[in-house]
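Peer 1: need a 3D model of the sequence below.
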Amino acid sequence: MNLFEKYGGADFWSDFLNNVYERLTNSDLTRHHFMNKSISHIKEMLLGLLELTLVANSHISEVAMRDSHRPMGITNEEFDEWVNIYRTALKESDVADTDITFIANMLLSYRGVIVADI
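Peer 2: Take a look at the predicted model:
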């Protein structure tokens, strides 16, 4: 069974993203990236990306990730905050430690194309 379905499919991951974005928009480090943005649209896109990566174990295009994130000026510190928020939300959602590690490593693999100062 793939990781997307293992935890309940779209309903589980939608609730997970609600938790993540509540934390991101309340974080002093990351909230400025979400001002005047449609959080529901962002969550909808990320739900699709989660499904793509966790069902098919696909790798998202690094060019697309770079093109959409570099203009945001994301710092290493902000990126680390985002990954830590993901880890915390996964843990609180009762995701297995091995799956948390897999997902965190997947996120970390994009640091070089998301962080602006690398």
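
Peer 1: just the helices in the protein please.
Peer 2: For the chain, the helices defined by DSSP state H cover 3-6, 9-26, 39-56, 62-69, 76-92, 97-108, 111-114.

Peer 1: dump these to TSV, plus distance to residue 32 and mean neighbour count.
Peer 2: C-betas here are computed from N, CA, C, even on glycine. TSV is the format used below for the helices of the chain (distance: least, C-beta to C-beta, whole Å; neighbours: other C-beta atoms under 10 Å):
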stretch	distance to residue 32	mean neighbour count
helix 3-6	30	16
helix 9-26	10	16
helix 39-56	14	14
helix 62-69	14	13
helix 76-92	9	17
helix 97-108	20	14
helix 111-114	16	16
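
Peer 1: can you redo those as TSV with mean pLDDT and distance to residue 33?
Peer 2: As requested, these are exported to TSV (pLDDT from 0 to 100; distance: least, C-beta to C-beta, whole Å):
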stretch	mean pLDDT	distance to residue 33
helix 3-6	93	25
helix 9-26	94	8
helix 39-56	85	10
helix 62-69	84	10
helix 76-92	96	7
helix 97-108	94	16
helix 111-114	91	11
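
Peer 1: do I have it right that residue 95 meets residue 4?
Peer 2: No - under the criterion of C-beta atoms under 8 Å, residue 95 makes no contact with residue 4, lying 11.7 Å away.

Peer 1: wait, residue 65 touches residue 109, no?
Peer 2: No - under the criterion of C-beta under 8 Å, residue 65 is not in contact with residue 109, lying 10.0 Å apart.

Peer 1: ok, and the closest non-adjacent residue to residue 31?
Peer 2: Closest residue to residue 31 apart from its sequence neighbours, by C-beta to C-beta, 6 or more residues apart in numbering: residue 25 at 5.3 Å.
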